[in-house]
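Participant: Predicted coordinates and the sequence they were generated for:
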Amino acid sequence: MTQSGSTEFAKTATAGGAGDVYGGAAGAAACSSSDVLLNNFQLKKKSYRVLLHGQHLVWERMQRQSVKRPNEAQKVPLPEQQLTAGAESSYGAHSHILHMDDIISICAGNSKHESLQPPPSNRDQQQADGDTKPTAQFLTINYAERLSKSKTDCNRWQLRRITFYNADAYIVRQWQLQLQARVASSPTGGQRVQRLLVFINPFGGRKAGAQTYERFVRPLFQLAGIDATCITTQRANQIRDILLTHDLSCYEAVCCVGGDGTVAEVINGLVFRRMRELGLDEQRPAYIPRPTLPVAVIPAGSTDTIVYSMHGTADVRTAAIHVVLGQKRGLDVCSVSNNRTLLRFCASVLSYGYLGDVAAESEQYRWMGTKRYEYSGIKAFFSNRGYDAELQLLEEPTEPETPQSPASVYTEPPSVCYANCQRCSIASSLQEQRSTLFAANADESRDELQPQQAEQQKKLAEQQAQPNDDATVAVNCESQLNEIETALYRSQLLRPTSLPLQPGGSYGSNMSLPSGLQWKTIRGNFFLICGANITCACARSPNGISRYSHLGDGCLDLILVRKTSFLNNVRFLLNTAGRAGDIRNLPFVEVYRTRKFIFRTLTTPATEENLSLAGSRQPIAQNGSDGVSSEYSSWNCDGEVVTDLDITMSSHCQLIDVFMRGPHSYSKPQKPGVSVPTTPVSSSDNIYCCCKD
Ligand SMILES: Nc1ncnc2c1ncn2[C@@H]1O[C@H](COP(=O)(O)OP(=O)(O)OP(=O)(O)O)[C@@H](O)[C@H]1O
């Protein structure tokens, strides 16, 4: 092995002033996080120049002088003038570039094998930092990489590792410290979780939740130094009960291993917990509060539409990698209520008619495993029932064409939600404005209250006092929100006028509607009614039933499929199954974008006598022999059956933070000859995605 590093580079000032280039042990030792670090390392016994520049780690093979052909222009790797701020796109064509956001862990060891071992836990690490002698010559970087060149799936991520060798252990030590510091100071570094509460549903899907976690997820969490507390569920609704009653102060996030029903349980548990903490009325809350803990989802269910819609794949490793890297986005959540009370929250889709029948029937065939959906689906499909219903909604103004990124413009509105989605980021800005305003109002309200109610407040527990303030603030800040949202929307040219939003995203009942908006009423006989919060994509339906739903724009798509011929139903299914189809082109399908809709049945008015159990408004008289009503369907909420009939569904903008970036657009890979760097500059900015539309 050739000696590299310590003698080859001298300290030089950069032309662009991005910082100093440091070589050798002394340079590495003196380097700060804004400086450039440059050394030679060996990688698989080949010499590489390795550069640490801002948030990028770059390595490139060194040319051997002896084998250089006379006519070939010598490529100077990582020339000095390239080391300027914002010059990441001008690294050499053969450079490998890794963004700090994508690094999972950095380990050093005296041998390659030792450097491949997972790092010690946090406490041990702190001791180790003080004790370790700088003798390690091997530096292993574990990182995540998106398989952007895959012909079949550009959304899967995989774990990669690279081991550098340098004979000078001091250089290795300094690189390790520098890399760790830069990962910690990267945009997502502060969002990475260390303590996680994990719920494993051993019952969902193929009943392989525990094995999935042990085989794919636990090793990754260990590698990232995540301290995970695991609870394997014993019964349905146990997760919800634990989240409602237990002290969660020592956890930074809640992770669930299961299908859509399990995710819905976690979201319901966290939102209802927050409502309790704030002392809100759980049946008729003044507003829907944001839970404090983010949610991580590992797919282990039958369909896993929530995970698929979030990542563009239901790949377990991809989901686990997003948890480890700490990339979060706000996810809309819908509240579902009947005409008297809040029932539950919905994360994916609320369906009536065909999919409601499938959910109701498939529960009877759970012993069939995932096949139960196919069996119940075919059975309900052939019966081709239609259900009379009336829907009321406020339709959102049509979205103008909004480019998702500088490199791609979508010509046909509405847009599809991808990573770096502009529509969702505007909604996110609004959400931040809302939170800031909300917090400011909360402070003011408390300041005003304190002198007047000092004695009373002493007697009241802190948890009881805060919700009263917060509920007042929620109402107070609404009028100011309108101004902020109007200004923001106008500045973003998203739409000419703003809509009044409550904290959480729904229209205030006491507010007048903006001009041009009015309630729309739709009546008919429907084969299927869907309120889609997300695309509801899954392996069988990669675009989802609601292709244009966004993950965090505060809206839901109401899809109405009128009862029609059996053949048209087949057309509908075929259009949801492939990547090419679009249900909007079908004449018997209507899609409305809204923040809220109200549903009621149009058949025999329900009286107290023909209703079933208290709380459930499902009429009992018309049930057929198969247990499913011939006149009324059931609601399917995230795969769970809801029997109430008069339903209101409202979207709450980015109510919960979830570990995800959003899917990447899928299209055929580019033609041969188009050079694509082996590693994207930043996996999150998708600059080099070969699958870009
Ligand atoms: N130990 C358990 N025994 C029985 N049921 C459980 C248990 N743990 C969780 N459950 C319930 O199982 C139901 C189904 O789980 P889940 O939705 O995760 O799987 P799935 O229905 O197979 O997947 P998907 O919803 O993605 O199709 C959930 O409603 C959950 O409350």
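Facilitator: In hand now; what should we look at? Numbering: from 1, shown residues only.
Participant: Please identify the residues of the chain in proximity to the ligand?
Facilitator: 201-205, 233-237, 258-262, 265, 301-304, 639-640 (CB under 6 Å from any ligand atom). (Glycine included, C-beta is placed from N, CA and C.)
Participant: Derive a PyMOL selection command for the buried subset of these.
Facilitator: To isolate the buried ones among the residues of the chain next to the ligand in PyMOL, judged by 16 or more other CB atoms under 10 Å, type:
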select buried, resi 201+202+203+204+205+233+258+259+260+261+262+265+301+302+303+304+639+640
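Participant: Just the residues of the chain next to the ligand: which are in strands?
Facilitator: 258, 640 (DSSP state E).
Participant: tell me the secondary structure for L437?
Facilitator: Of the three states, L437 takes helix under DSSP: H, G, I helix; E, B strand; the rest coil.
Participant: What's the per-residue pLDDT of it here?
Facilitator: What the model reports as pLDDT for L437 is 70.
Participant: Provide the count of other residues in contact range of it.
Facilitator: Counted with other CB atoms under 10 Å, the neighbours of L437 add up to 19.
Participant: from the stretch 551-693 of the chain, which residue is nearest to the ligand?
Facilitator: Nearest to the ligand, among the residues of the stretch 551-693 of the chain, is G639, at 3.7 Å (CB to the nearest ligand atom).
Participant: Quick check: that residue touching T262?
Facilitator: No. Using CB atoms under 8 Å, G639 is not in contact with T262, being 9.5 Å away.
Participant: I'd like to know how far the residue of the stretch 551-693 of the chain closest to the ligand sits from G204.
Facilitator: As judged by CB to CB, to the nearest Å, G639 and G204 stand 9 Å apart.
Participant: What of I106?
Facilitator: 35 Å.
Participant: Check D260 too.
Facilitator: Distance from D260 to G204, by CB to CB: 9 Å.
Participant: Mutual contacts of those two, please.
Facilitator: When contacts are counted by CB atoms under 8 Å, 6 or more residues apart in numbering, D260 and G204 have G301 as shared neighbours.
Participant: Test my guess that H56 contacts D101.
Facilitator: No. Using CB under 8 Å as the test, H56 is too far from D101 to be in contact (10.2 Å).
Participant: Low-confidence regions, the stretch 301-450 of the chain specifically.
Facilitator: Scanning the stretch 301-450 of the chain for pLDDT under 70 picks out 398-413, 434-435, 438-450.
Participant: in it, what residue is nearest the ligand?
Facilitator: When scored by CB to the nearest ligand atom, the stretch 301-450 of the chain has G301 as its residue closest to the ligand, at 2.6 Å.
Participant: Leaving out sequence neighbours, find the closest residue to that residue.
Facilitator: Closest residue to G301 apart from its sequence neighbours, by CB to CB, 6 or more residues apart in numbering: G259 at 1.5 Å.
Participant: related to what we said a few turns ago, find residues that contact each of G639 and G204.
Facilitator: By CB under 8 Å, 6+ apart, the residues touching both G639 and G204 are 259, 261, 301-302.
Participant: out of these, which one sits closest to T594?
Facilitator: Comparing the shared contacts of G639 and G204 against T594 with CB to CB places G261 closest, at 25.3 Å.
Participant: who are the neighbours in contact with the closest one?
Facilitator: So G261 contacts 201, 204, 301, 638-640 (CB under 8 Å, 6+ apart).
Participant: which residues sit against stretch 361-370?
Facilitator: Stretch 361-370 is contacted from outside by 205-207, 302-303, 372-373, 375-377, 379-380, 626-628, 641, using CB under 8 Å, 6+ apart.
Participant: what are the ranges of the strands in the stretch 51-200 of the chain?
Facilitator: For the stretch 51-200 of the chain, the strands defined by DSSP state E, counting those that start in this stretch cover 56-61, 96-99, 103-109, 138-146, 157-165, 195-200.
Participant: Now mean pLDDT too, for the ones you listed, in CSV please.
Facilitator: Formatted as CSV, these follow (pLDDT from 0 to 100):
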stretch, mean pLDDT
strand 56-61, 92
strand 96-99, 93
strand 103-109, 92
strand 138-146, 94
strand 157-165, 94
strand 195-200, 98
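Participant: Great, nothing more from me.
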